[in-house]
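S.K.: Pasted the sequence and its predicted model underneath.
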Amino acid sequence: MNKEITPREQDYSKWYNDLVIKAGLADYSAVRGCMVIKPYGYALWENMQAVLDKMFKDTGHQNAYFPLFVPKSLFEKEEQNAEGFAKECAVVTHYRLKLNPEKKGALMVDPDSKLEEELIVRPTSEAIIWSTYKNWIQSYRDLPLLINQWANVVRWEMRTRLFLRTAEFLWQEGHTAHATAEEAVAETKQMLEVYAEFAEQWMAMPVVKGVKSLNERFAGAIDTYCIEALMQDGKALQAGTSHFLGQNFARAFDVKFSDKQNKLDYVWATSWGVSTRLIGALVMAHSDDDGLVLPPKLAPIQVVIVPIYKGDEQKKLIDKKVHAFVKELKAAGIKVKYDDNDNNRPGWKFAEYEMKGVPVRIGIGGRDIENNAVEVARRDTREKMSMPMEGLAVNIVKLLNAIQEAIYNKA
RNA sequence: CGGGGCGUAGCGUAGCCCGGUUAUCGCGCCUGCUUUGGGAGCAGGAGGUCGCAAGUUCGAAUCUUGCCGCCCCGACCA
């Protein structure tokens, strides 16, 4: 990778961490290696989820939910998969605590509650899902089986970074079963396209599509396809993967179907996933030294309105105008927030919403009321302009679209 | 697991080398007044087992030993 394009090579890690925390997306938690996703970060994730979920459903998938725990005997059935994840699994060995007789007020693991078989906290759900698919699939008429799951998984990583690599993370994992290899490969590629489209059209983040090398391949897969995005430190970040699993899992979990000729064969499988890591990618792809820059299509707040006033009387006048705008903007489908919190001054709010990456800010004060205009500032270029109050919503919609396009081109 | 660093108020820190009154400063927090077009000003106030334990000493945040925790770099990983 060309080192010339690395304006943030130094302290990139610190810059990223501070930004995520200051913008209110997430924070470290008291649990080692785990993070707390704060309301603002979660709202962003929900927006991403909603779009992805619709894309999955539009391509014929359904959602389902499978258990958090995987019995060890199931987990070890697909050997390569088990080996690949073995070093980073959380394991449940007991199911009960009791009062510690030697230390008042303390609890200890009850040795009598030792499980006959250990439970693995899923690092991914192939094992539990394929053991279930065995019961769901008998005939070609049951295929294709196109399932997605929104879930949390745990991978006991040595070193963690907010959103990019935490011990527990949120993701979606698609698990599909097909009658032919061709169909499964087509599904694998289709979902890679879905991810690429989401990254480019919604996250405004250009990606490169490719196939992983042998040692980067998902454990248990025949082929791993991925999208990689270029970050501002000049490194590529894996943003999503789609695996062609061949018949490996069908063999391991004995999932066979009868075809039209009544011939018995193992089904062909795929799995694909993206995680909250996408938020990390989003942060790294667009942000600048003043904070986040969010793509309008995913921003939890697309437009923030900040009043500037002296005294209650002027505030009331502004309130009245703004309430009309809010109504107008909401009618145009814009997520708008009117921040009339009196605890913070306008300058503080300007900086705060820039840090949070809100695409458009509207300032309105006595001056503007007189001129029948408002001050509009766009986050990506930091450009300020005056806009007439007349027809504001139409112009704001245009501006949001322009910002979406501009940050894609910049990235 | 290999290498490096750090633990002092909610957060960030000074002091430690060279032991000595009441542990420094900033942010944040609370109260009041004035403010409000780019992270406000003034005044007053609250908040501390200096990571834990033992030792040396008249006296330890500071020196010694042990332990614990965290962070960064490497390897591994979505």
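M.R.: Structure's in. What do you need?

S.K.: Please name the nearest non-neighbouring residue to residue A:109.
M.R.: Distances taken as Cβ to Cβ, 6 or more residues apart in numbering place residue A:94 nearest to residue A:109, at 4.9 Å, with adjacent residues excluded. C-betas here are computed from N, CA, C, even on glycine.

S.K.: burial measure for that neighbour, as a count.
M.R.: Residues near residue A:94, counting by other Cβ atoms under 10 Å, number 13.

S.K.: pretty sure it is touching residue A:110, no?
M.R.: Yes - the pair residue A:94 / residue A:110 is scored as a contact, 6.6 Å apart, by Cβ atoms under 8 Å.

S.K.: quick revisit: just list whatever residues bridge to the residue nearest to residue A:109.
M.R.: residue A:114 (DSSP bridges).

S.K.: need the contact list for the residue lying closest to residue A:291 once chain neighbours are set aside.
M.R.: Leaving aside its chain neighbours, residue A:291 sits nearest to residue A:355 (3.5 Å; criterion: Cβ to Cβ, 6+ apart). Contacts for residue A:355 (Cβ atoms under 8 Å, 6 or more residues apart in numbering) come out as A:22, A:23, A:290, A:291, A:292.

S.K.: Most neighbours out of the residues you listed, which is it?
M.R.: Going by other Cβ under 10 Å, residue A:292 tops the contacts of residue A:355 with 25 neighbours.

S.K.: can you give me the mean pLDDT across stretch A:331-339?
M.R.: In this model, stretch A:331-339 has a mean pLDDT of 97.

S.K.: likewise stretch A:290-305?
M.R.: Per-residue scores along stretch A:290-305 average to 97.

S.K.: likewise stretch A:237-251?
M.R.: 94.

S.K.: chain center to that stretch, what's the gap?
M.R.: Relative to the chain's own centre, stretch A:237-251 is displaced by 19 Å; criterion: Cα atoms, centre = their mean, to the nearest Å.

S.K.: So which bits of it are buried?
M.R.: When burial is assessed from 16 or more other Cβ atoms under 10 Å, stretch A:237-251 yields the following buried residues: A:237-250.

S.K.: again with stretch A:160-179
M.R.: In stretch A:160-179, counting by 16+ other Cβ under 10 Å, buried: A:160, A:162-179.

S.K.: just stretch A:147-157 next, same as before
M.R.: For stretch A:147-157, by 16+ other Cβ under 10 Å, it's A:147, A:148, A:149, A:151, A:153, A:154, A:155, A:156.

S.K.: which element is the fifth one on?
M.R.: In other words, residue A:153. In the assignment (DSSP states H and E), residue A:153 maps to strand A:145-154.

S.K.: Please see if that strand touches RNA strand B.
M.R.: No - applying Cβ under 7 Å from any atom of the strand, one finds strand A:145-154 separated from RNA strand B by no less than 7.7 Å.

S.K.: what's the angle from the very next helix or strand once past that strand to strand A:145-154?
M.R.: Note on strand A:145-154: by DSSP H and E, the next helix or strand toward the C-terminus is strand A:168-178. Interaxial angle, strand A:168-178 versus strand A:145-154 (axes from the mean of the first three to the mean of the last three Cα atoms, to 10 degrees): 160 degrees.

S.K.: picking that back up, among the buried residues of stretch A:147-157, which one sits closest to residue A:259?
M.R.: Checking these against residue A:259 with Cβ to Cβ, the nearest one is residue A:147 at 21.1 Å.

S.K.: And residue A:146, how close does it get to residue A:48?
M.R.: Residue A:146 sits 21 Å away from residue A:48, going by Cβ to Cβ, to the nearest Å.

S.K.: How about residue A:241?
M.R.: Residue A:241 is 16 Å from residue A:48, by Cβ to Cβ.

S.K.: for residue A:111, same thing?
M.R.: Relative to residue A:48, and taking Cβ to Cβ, residue A:111 is found at 45 Å.

S.K.: Show me which of these two is the more surrounded one.
M.R.: residue A:48 (20 against 9).

S.K.: Quick check: which element contains that one?
M.R.: Counting by DSSP H and E, residue A:48 is part of helix A:39-58.

S.K.: ok, is that helix in contact with RNA strand B or not?
M.R.: No - counting by Cβ under 7 Å from any atom of the strand, RNA strand B is not contacted by helix A:39-58; separation bottoms out at 12.6 Å.

S.K.: what about residue A:181, how many neighbours?
M.R.: For residue A:181, using other Cβ under 10 Å, the count is 13.

S.K.: isn't it right up against residue A:266?
M.R.: No - contact criterion Cβ under 8 Å: residue A:181 and residue A:266 do not qualify, at 10.5 Å.

S.K.: Show me the common contact partners of the two, please.
M.R.: By Cβ under 8 Å, 6+ apart, no residue touches both residue A:181 and residue A:266.

S.K.: Go ahead and name everything in contact with the strand or helix carrying residue A:17.
M.R.: Following DSSP H and E, one finds residue A:17 within helix A:12-22. Identification of contacts with helix A:12-22 by Cβ under 8 Å, 6+ apart yields A:8, A:26-27, A:41, A:161-163, A:232-233, A:280, A:283-284, A:287, A:291-292, A:355.

S.K.: so that helix versus helix A:39-58, what angle?
M.R.: 100 degrees.

S.K.: for the stretch 1-150 of chain A, which spans come out with low pLDDT?
M.R.: For the stretch 1-150 of chain A, applying pLDDT under 70 flags the ranges A:1-11, A:103-106.

S.K.: interface residues of it facing RNA strand B?
M.R.: A:13, A:17, A:22, A:28, A:32, A:87, A:88.

S.K.: roughly how far apart are the spatially closest residue to the fourth one that is not a sequence neighbour and residue A:336?
M.R.: Right, residue A:28. Leaving out its chain neighbours, the residue that sits closest to residue A:28 by Cβ to Cβ, 6+ apart is residue A:35, at 6.0 Å. Distance of residue A:35 to residue A:336, computed by Cβ to Cβ: 29 Å.

S.K.: got the contacts of residue A:355 as CSV, with distance to residue A:255 columns?
M.R.: Putting the contacts of residue A:355 into CSV (distance: Cβ to Cβ, whole Å) gives the following:
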residue, distance to residue A:255
A:22, 48
A:23, 45
A:290, 53
A:291, 49
A:292, 44
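
S.K.: Quick check: the residue nearest the centre of chain A vs RNA strand B, distance?
M.R.: When Cα atoms, centre = their mean is applied to chain A, the residue found nearest the centroid is residue A:276 (3.3 Å). Residue A:276 sits 7 Å away from RNA strand B, going by Cβ to the nearest atom of the strand, to the nearest Å.
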